[in-house]
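Enquirer: need a structure here:
(one chain, ligands or ions: 1)
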Amino acid sequence: MKVIVTGGTGYIGSHTIVDLLENDFEVVCIDNLARSTKYPIGAIEQITEKKFKFYQIDLCNKQETFDVLEQHKDAVGIIHFAAFKTVPESVANPILYYNNNLISLNNILEGIQKFGIPNFVFSSSCSVYGNAKALPVTEETPFQEAESAYAHTKQIGEQIIQHYSKVNTTKSILLRYFNPVGAHPSGILGEMLLNRPDNLVPYITQTAIGKLEQLTVFGGDYDTPDGSCVRDYIHVCDIAHAHTLALKYLIENQNHSNCEIFNLGTGNGVSVLEAIHAFEKTTGQKLNYKVGARRAGDVEKIYANNEKASKALKWHCQYNIEDAMLSAWKWENKMKELALL
Ligand code: WQD
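Expert: Model (predicted):
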């Protein structure tokens, strides 16, 4: 069965292609390489010993998008990852985010309708919850105001798909990721960072390898057990596998409505200091860090109730935070090696 993956050279997209190929799907990958490189294509082929088609096109260009979808209208579904995801950049340049993330989504939805592609999986985010009033968050927890234009594009994106689902036969799943971390256990695939990192784990690994001098823990005075923020860090390979399960769930008509939502988190809240200690323990590296001021826009704590995905999709996490840290460290060392080539 053929599946189209947009944003397939990105962090979660590339790990998902590995999982799909390992589960015998045929993959067609689309990416404009605006925020990625072709490196993951070779790495995926090396891991899986399988090949897949790649198209470098921009989904904001409707004609180009339609041309590829028409060629692959026999696909059983589309998994749509392609989007910009840097929170501070979206705060500084909101129009860039509204244009890129929403025009591409509209073009894809129009294309799916036009060419009759039956199933659709959308990358959403726990950031749609904003500062949730009660924890853990379930799929029914109401949205609070978006903290960034990025988060707002995910809220709007979800709403567009929900309205679309009322009048179209396409079946959709919205997957709300918590904090994806780690890399493929092979050590040859991970997040390709083209700029300075924005997220905690690459900050940790880049500090440990000496690219960055020191890690600052943003805030030590939160109302949490050790004063640092709490998040739900989930291994990228666990997130990837959920996409394969979501697609199969739709293909097998197990869905209860045309548009269903699932949280993808481990269900465990982990503080920044606990994450640092997990890194130190598994890798044996001593991290140079200090506790500093709070970062604007951070929520104090958030973690998932993942019962819905676990029951309906039969999705269970295979990796813990230590596995994630070890694989992230392996990947950081691989990137150092690649930079020297
Ligand atoms: C995690 C924790 C920081 C860097 C973002 C997006 C969200 C979602 C996941 C996709 C926070 C702390 C970080 C550092 C630190 N993405 N930190 N020092 O902000 O929870 O969520 O990624 O949808 O939408 O907003 O992730 O990795 O930036 O931060 O102390 O140098 O680590 O304060 O508590 P965040 P993050």
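Enquirer: ok but residue 113 is inside a helix, no?
Expert: Yes: counting by DSSP: H, G, I helix; E, B strand; the rest coil, residue 113 is located in a helix.
Enquirer: dump the residue contacts of it.
Expert: 164, 168, 170 (CB atoms under 8 Å, 6 or more residues apart in numbering). Backbone N, C-alpha and C define where each C-beta goes, glycine included.
Enquirer: Distance-wise, check it relative to the ligand.
Expert: 26 Å (CB to the nearest ligand atom, to the nearest Å).
Enquirer: So for that residue, what's the pLDDT?
Expert: With respect to pLDDT, residue 113 scores 97.
Enquirer: same thing with residue 140?
Expert: pLDDT recorded at residue 140 is 97.
Enquirer: cool, and residue 196?
Expert: Per-residue pLDDT puts residue 196 at 87.
Enquirer: That one: neighbouring residues, count only.
Expert: 10 (other CB atoms under 10 Å).
Enquirer: Likewise for residue 89?
Expert: 17.
Enquirer: so which strand or helix has it?
Expert: Using DSSP states H and E, residue 89 sits in helix 87-92.
Enquirer: close to the ligand, is that helix?
Expert: Yes: using CB under 6 Å from any ligand atom, we find that helix 87-92 touches the ligand at residue 87.
Enquirer: and that helix, what other elements does it pack with?
Expert: For helix 87-92, the elements it packs on are helix 94-98, helix 149-167, judged by 3 or more CB pairs under 8 Å, 6 or more residues apart in numbering; DSSP states H and E.
Enquirer: tell me the most buried of these?
Expert: helix 149-167 (a mean of 19; mean count of other CB atoms under 10 Å).
Enquirer: For that one, report the contacting residues that lie outside it.
Expert: By CB under 8 Å, 6+ apart, helix 149-167 touches 83-87, 89-91, 93-94, 97-98, 101-102, 105-106, 109, 113, 120, 122, 124-125, 127-128, 130, 143, 146, 170-172, 174, 257-259, 261.
Enquirer: how far does it sit from the chain's center?
Expert: Distance of helix 149-167 from the chain centroid (CA atoms, centre = their mean, to the nearest Å) equals 17 Å.
Enquirer: still on that earlier bit, could you list the buried residues of the helix holding residue 89?
Expert: Across helix 87-92, burial judged by 16 or more other CB atoms under 10 Å covers 87, 89, 90, 91.
Enquirer: Just send these back as TSV, with pLDDT too.
Expert: Formatted as TSV, the buried residues of helix 87-92 follow (pLDDT from 0 to 100):
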residue	pLDDT
87	92
89	95
90	95
91	94
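Enquirer: Tell me the one of the residues you listed nearest the ligand?
Expert: Proximity of these to the ligand (CB to the nearest ligand atom) peaks at residue 87, which lies at 4.3 Å.
Enquirer: which one of the buried residues of helix 87-92 sits closest to residue 31?
Expert: Among those, residue 89 lies closest to residue 31 (CB to CB), at 18.5 Å.
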